[in-house]
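Undergrad: Give the three-dimensional model of this entry:
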Amino acid sequence: MIKETLSNYSELVYILKMIVGQSFILTKISEIKPYSQGIRFGSGGALAVIKPGTLLEIWKVVEACNEAGTAIIMQAANTGLTGGSTPDGNNYDRPVVIINTMRMSQIHLIDSANQVVAFPGSTLFDLEERLAKYGRQTHSVIGSSCIGASIIGGVCNNSGGALVQRGPAYTELSLFAHIDEARKLSLVNNLGINLGDTTEEILTNLEQKNYTEEDIKPSKKIASDNEYQQIVRDINSSRPARYNNDPRLLHEASGCAGKLVVFAVRLDTFPKAINERVFYIGTNTPKVMTKIRHDILSTFKNLPVSGEYFDSQCYDVSKKYGKDIFLVINKLGSKIIPRLFSFKRYVDRIANHFFFLPNKLSDHLMQFLSYLWPNHLPKRMEIFRSHYQLHFILETNNEGVDEAQAYLNNFFKENEGNFFVCSDEEAKKATLHRFVIGGAINRYYLTQGSKSGKMISIDVALRRDEKNWAQKVPSSVNDKISEKFSYGHFFCHVLHEIYITKKDVNHVSTKKQILDFFDSRGAEYPAEHNVGHEYIAKDSLKTFYKECDPTNTFNPGIGKTSKFRNWS
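TA: Here you go, the predicted structure:
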């Protein structure tokens, strides 16, 4: 029976403290805020933030919250751009409890590191580091918008990442809990690993790695997207290559957007390339980019690793407002990023107690310190910036290296633009420069851009046959925009379009006009950032969410759906 009185919720908080310990439950508003507010979108109130330390503790916390009748939001690194792991407002019909899983960061390498089992708090950075000594690579690489992002978060959001050869994060092998129509909590072991029979046995044996190679059962289920290479090559299709609403990629944990409690996922890894080369391309003509994409996807024997596009506005904002994160990763390595973000949250929480300090004080401080450092970008990149408006980082490997070199040598004899072959240092810095763009735009808006109007972010997947990809929004909309930034995964035709409106412009109606424009072009959105609380979940996605969570206990309101019990 659901308990609904305030005293019973106080009793719940006491029970949760007994489960995780006094130190790992946050109930003060100032402590909760860093977890209940997204980095760009979404914020709301919460009864408490719980930080379990074991898989079994997660189960017990969910069990107690289900008994008390609260809403539950599962959260890992909270790096999403659409508010998909935070509350949205305070208009829920019961209290919200946030379960943050970052204390559980284990990664198990299985089958000679050909596959991994990832826990809720494990990150792509962690996985890259673990796999390096085995000559293996991750299923995805970190994106500009989610430095420090969790592995399971990527799977639950069908995040695409930058890798053309591997497609969106996807698996059919996972361990998860769900609540059925009768409000019964059940554990489902579809990891393909024999871990015992009871809930406690399964979770404890997995956590302590009490299983052998013989316990890992042969399975016909896949642990990565095995169709994407053929899909992305079909450049004549009128459908986008990948997007959140794609029914092909909605399976249990994959695409569930927090509508299940995911304890672990099993994913493929991939052999590290023997030979790698990065080409830096510049042009002023969108048709040049279109032809490069068409030629490579339709005629190359070997697909490139990635093809990352950004315009000159992104180049400039990343250079100025992404410098600090760039330098931290370049000098100290990616492992420090989670600690840096934790420190930022701490500084902002303290600053919130002083009305005269600016919102997000940590960003203002880090931006000021970045001015003290000299230019961090390679000279040849800077020369290309002075000549070209469109920038393209083409990464190739193995046999694809010579194939791309020969193609580009001939291509720019007849077409506008140019390229250069990156040294190892240039390749690292060019890629990092691209990957900090999302955070740099956030920083710019927080410190400068908000003097204009509101920021509108569009995560859009264009049709594979779209040739006029750089088409501008209609003048009736463009007149309301003060600044625009465009970047994305060009071979996949996934673009991140960021608009800052002019002051006093209604950003809600303006965003609708922009989305209507993309609708008219047969595009899909969001492409890889999940609907969060920013986009409307289309019918197929809404149906999937209801199948995962018939009582609407987990992440209610996602995709602008009902926030009430039982989807009422």
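Undergrad: Strands of the stretch 301-450 of the chain, start to end?
TA: All strands of the stretch 301-450 of the chain, identified by DSSP state E, counting those that start in this stretch, fall at 306-311, 390-397, 418-421.
Undergrad: Tell me which of these sits nearest to residue 482.
TA: Between residue 482 and those, the shortest gap by C-beta to C-beta is with strand 306-311, which sits at 15.7 Å. Using the backbone N, CA and C atoms, a C-beta is placed for each residue, glycine as well.
Undergrad: Please name every helix or strand in contact with the closest one.
TA: helix 286-299, strand 390-397, helix 424-435, strand 481-489 (3 or more C-beta pairs under 8 Å, 6 or more residues apart in numbering; DSSP states H and E).
Undergrad: before we move on, the earlier item: kindly reformat the strands of the stretch 301-450 of the chain as a markdown table and extend each row with mean neighbour count and mean pLDDT.
TA: Listed next are the strands of the stretch 301-450 of the chain as a markdown table, based on neighbours: other C-beta atoms under 10 Å; pLDDT from 0 to 100:
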| stretch | mean neighbour count | mean pLDDT |
| --- | --- | --- |
| strand 306-311 | 23 | 97 |
| strand 390-397 | 23 | 98 |
| strand 418-421 | 17 | 98 |
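Undergrad: Tabulate the ones you listed in a markdown table, adding columns for distance to residue 80.
TA: Output for those, formatted as a markdown table (distance: least, C-beta to C-beta, whole Å):
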| stretch | distance to residue 80 |
| --- | --- |
| strand 306-311 | 20 |
| strand 390-397 | 24 |
| strand 418-421 | 34 |
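Undergrad: Residue 10 is nearest to which of those strands?
TA: Comparison of the strands of the stretch 301-450 of the chain against residue 10 by C-beta to C-beta identifies strand 306-311 as nearest, at 50.4 Å.
Undergrad: how close does the nearest residue to residue 401 once chain neighbours are set aside get to residue 138?
TA: Of all residues beyond its chain neighbours, the one nearest residue 401 is residue 277 (4.5 Å), with distances taken as C-beta to C-beta, 6 or more residues apart in numbering. Using C-beta to C-beta, to the nearest Å, we find residue 277 at a distance of 20 Å from residue 138.
Undergrad: out of these two, which sits in the more crowded spot?
TA: Using other C-beta atoms under 10 Å, the more surrounded residue of residue 277 and residue 138 is residue 138, with 26 against 20.
Undergrad: List the contacts of residue 302.
TA: The contact partners of residue 302, taken as C-beta atoms under 8 Å, 6 or more residues apart in numbering, are 396, 398-400, 403.
Undergrad: again, only using 7 Å
TA: 398-400, 403 (C-beta atoms under 7 Å, 6 or more residues apart in numbering).
Undergrad: nearest residue to it other than its sequence neighbours?
TA: Counting by C-beta to C-beta, 6+ apart, residue 400 is the residue found nearest to residue 302 once chain neighbours are left out, at 3.4 Å.
Undergrad: one step back: so which of the strands of the stretch 301-450 of the chain is nearest residue 15?
TA: strand 306-311 (47.3 Å).
Undergrad: can you give me the angle that closest one makes with helix 424-435?
TA: If you take axes from the mean of the first three to the mean of the last three C-alpha atoms, to 10 degrees, strand 306-311 sits at 60 degrees to helix 424-435.
Undergrad: Spell out the residue ranges of the helices in the stretch 251-400 of the chain.
TA: Using DSSP state H, counting those that start in this stretch, the helices of the stretch 251-400 of the chain run over 286-299, 312-321, 323-332, 337-351, 361-370, 379-387, 400-414.
Undergrad: closest one to residue 236 among these?
TA: Smallest distance to residue 236 across the helices of the stretch 251-400 of the chain (C-beta to C-beta): 8.8 Å, for helix 286-299.
Undergrad: now the closest one, how far from the chain's geometric center?
TA: Its chain's average C-alpha position is 27 Å from that of helix 286-299, according to C-alpha atoms, centre = their mean, to the nearest Å.
Undergrad: what's near enough to touch residue 296?
TA: Taking C-beta under 7 Å, 6+ apart, one finds residue 304 in contact with residue 296.
Undergrad: again with residue 395
TA: By C-beta under 7 Å, 6+ apart, the contact set of residue 395 is 278, 304-306.
Undergrad: can you give me the strands in the stretch 1-150 of the chain?
TA: Using DSSP E, counting those that start in this stretch, the strands of the stretch 1-150 of the chain run over residues 25-26, 48-50, 71-75, 96-100, 107-110, 115-118, 136-137.
Undergrad: Quick one, which of those strands gets closest to residue 352.
TA: That would be strand 25-26 among those, by C-beta to C-beta, at 14.2 Å.
Undergrad: out of the helices of the stretch 251-400 of the chain, nearest to residue 558?
TA: Set against residue 558 and scored by C-beta to C-beta, those come closest in helix 337-351, at 23.1 Å.
Undergrad: for that closest one, what is the average pLDDT?
TA: Computed over helix 337-351, the mean pLDDT rounds to 69.
Undergrad: For residue 550, which non-adjacent residue is spatially closest?
TA: Distances taken as C-beta to C-beta, 6+ apart place residue 181 nearest to residue 550, at 4.7 Å, with adjacent residues excluded.
Undergrad: Pretty sure the one you found sits against residue 552.
TA: No - using C-beta atoms under 7 Å as the test, residue 181 is too far from residue 552 to be in contact (11.0 Å).
Undergrad: Could you check which of those two is surrounded by more residues?
TA: Using other C-beta under 10 Å, the more surrounded residue of residue 181 and residue 552 is residue 552, with 23 against 8.
Undergrad: So that one sits against residue 567, correct?
TA: Yes - using C-beta under 7 Å, residue 552 is in contact with residue 567, at 4.8 Å.
Undergrad: Turn the helices of the stretch 251-400 of the chain into JSON lines, columns for distance to residue 14.
TA: JSON lines is the format used below for the helices of the stretch 251-400 of the chain (distance: least, C-beta to C-beta, whole Å):
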{"stretch": "helix 286-299", "distance to residue 14": "58"}
{"stretch": "helix 312-321", "distance to residue 14": "45"}
{"stretch": "helix 323-332", "distance to residue 14": "40"}
{"stretch": "helix 337-351", "distance to residue 14": "24"}
{"stretch": "helix 361-370", "distance to residue 14": "33"}
{"stretch": "helix 379-387", "distance to residue 14": "57"}
{"stretch": "helix 400-414", "distance to residue 14": "59"}
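Undergrad: Residues contacting stretch 318-332, please?
TA: By C-beta under 7 Å, 6+ apart, stretch 318-332 touches 147, 336-337, 340, 366-367, 369-370, 373, 376-377, 429, 432-433, 436-437, 439-440, 443-444.
Undergrad: In PyMOL, how would I select the buried members of these?
TA: Buried residues within those, by 16 or more other C-beta atoms under 10 Å, are selected in PyMOL with:
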select buried, resi 147+337+340+366+367+370+376+377+429+432+433+436+437+439+440+443+444
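Undergrad: For the protein, give me the ranges with low pLDDT.
TA: Regions of the chain meeting the criterion pLDDT under 70 cover residues 1-8, 142-148, 334-339, 341-343, 345-346, 351, 353, 356, 449-450.
Undergrad: shouldn't residue 259 be in contact with residue 556?
TA: No - look at residue 259 against residue 556 with C-beta under 7 Å: they stay out of range, at 9.3 Å.
Undergrad: can you count the residues close to residue 36?
TA: 24.
Undergrad: same question, residue 175
TA: Residues near residue 175, counting by other C-beta under 10 Å, number 26.
Undergrad: what residues are up against it?
TA: Residues in contact with residue 175 (C-beta under 7 Å, 6+ apart) are 189-191, 206, 263-264.
Undergrad: rerun at 10 Å
TA: For residue 175, the contact set (C-beta atoms under 10 Å, 6 or more residues apart in numbering) comprises 55, 117, 119, 187-193, 195, 202-203, 206, 252-253, 261-266.
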